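S.K.: this one's sequence-less:
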């Protein structure tokens, strides 16, 4: 079995249009949530979101790529370009022959589905673009990346709601671990800041309605939370076998040491009240990494800012980590588990969330800095963990866990570790 390491990272998020800018914004406790500008939301009950403001595909993509792609694929292509540059990877014929692309996406080109439905209704089928289907289908983020770089390893999309891109990373790591390829591109993307997306989630009463205070809307584990904030973005990670990375002298952010994937088998949107699926996913990931709970220093939680979801995840973490996870009564302690939610700063990227958060964890390990949970001013009494409120902290992180849970009861947990010989 081969060890798997992260050697490149690219991100486009509401907190920054590159990975360094995103991470710096998180450490500085700056929110990327604002009033919606991608469509006219004046008549909607929810008028806030995490948008990738300033993102202009014309600055990065050819005219052909712009014509062929929906926004989620454009974000993914740009994140991948940064990732490969960050990794300093020369794409030889041998690498192209086996390198795969696994990009998790939840909903795909939602904005164009609506646009072409209107076109069909108002102008008839003859006016539908021949690019429509390739633009909107979820696997075309991975497909466009493979085409751009001539990659001929496996290429597919995991679609498992908000766990989509965490599953993509876990599956890509397993592909390397089993010796099928020494290198894989893995990540996720999503762009659903559309009338259909916001209207649909609002109809479920899932979104925060803090329209007058967007930066304060996403507030995991705070008593005042009233739902999550929809966001868009992408992240791509370059994964390599340790042997391959070492042979080319690559810098290494972290090692992927564990992966857990389960299902609650309970409800279409609500997690199981006993937390069984989340607990099992975390335990699987720890077992795969051969770690005891006390060896984990940090959890980047799913932490969406929903009334029940936050409580249930907190209880699940407490069940897995025991008193190691209990918040101290006084000052923060570096021998205890720290937990934070970076969704507090950027909102919930849905299918892209797992990849963005895994990338953040890898950067946190490499830099010894833990991003905070913003807006946590009045902690929910039922949530008794150290959530790193308001301000970032410094710490040597040996092992960290990233949680991603989705509709249908799907769960994924990844363990990333500081590379040890």
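M.R.: The structure has been received and is ready for your questions. Because the structure is predicted, anything quoted here is derived from the model rather than measured. Residues are numbered from 1 along each chain as shown.
S.K.: Local confidence estimate at residue 208?
M.R.: In this model, residue 208 is scored at 98, pLDDT.
S.K.: Go ahead and confirm residue 402 touches residue 355.
M.R.: No - counting by Cβ atoms under 8 Å, residue 402 does not reach residue 355; the two are 9.7 Å apart. In this view, the C-beta of every residue, glycine as well, is placed from N, C-alpha and C.
S.K.: Which stretches in the stretch 151-300 of the chain count as strands?
M.R.: Using DSSP state E, counting those that start in this stretch, the strands of the stretch 151-300 of the chain run over 155-156, 183-190, 233-241, 254-263, 298-300.
S.K.: circling back to that earlier point, show me which of residue 402 and residue 355 is the more surrounded one.
M.R.: residue 355 (36 against 28; other Cβ atoms under 10 Å).
S.K.: On the three-state scheme, that one is what?
M.R.: When classified by DSSP: H, G, I helix; E, B strand; the rest coil, residue 355 comes out as helix.
S.K.: and it, what pLDDT?
M.R.: pLDDT recorded at residue 355 is 98.
S.K.: Hmm, residue 168 and it touching each other?
M.R.: Yes - if you go by Cβ under 8 Å, residue 355 and residue 168 touch, sitting 6.8 Å apart.
S.K.: which residues does residue 13 contact?
M.R.: 22, 32, 50, 52, 231, 233, 234, 235, 346, 349, 356 (Cβ atoms under 8 Å, 6 or more residues apart in numbering).
S.K.: ok, now which ones touch the third one?
M.R.: Meaning residue 50. 13-14, 32-34, 218, 229-233, 346-349.
S.K.: Same question for the last one.
M.R.: Residue 356 sits next to 11, 13, 22, 165, 188, 233, 234, 235, 342, 346, 349 when contact means Cβ under 8 Å, 6+ apart.
S.K.: Could you rerun that using 7 Å?
M.R.: Going by Cβ atoms under 7 Å, 6 or more residues apart in numbering, residue 356 touches 11, 13, 233, 235, 349.
S.K.: Please report the distance of it from residue 132.
M.R.: The gap separating residue 356 from residue 132 is 28 Å, by Cβ to Cβ, to the nearest Å.
S.K.: ditto for the fifth one
M.R.: Computed with Cβ to Cβ, the distance linking residue 231 and residue 132 is 25 Å.
S.K.: more crowded one of these two?
M.R.: residue 231 (29 against 17).
S.K.: Just the pLDDT at the more buried one, thanks.
M.R.: The score at residue 231 is 98. That number is its pLDDT.
S.K.: list the contacts for it?
M.R.: Residue 231 is in contact with 14, 49, 50, 346, 347, 348, 349, counting by Cβ under 7 Å, 6+ apart.
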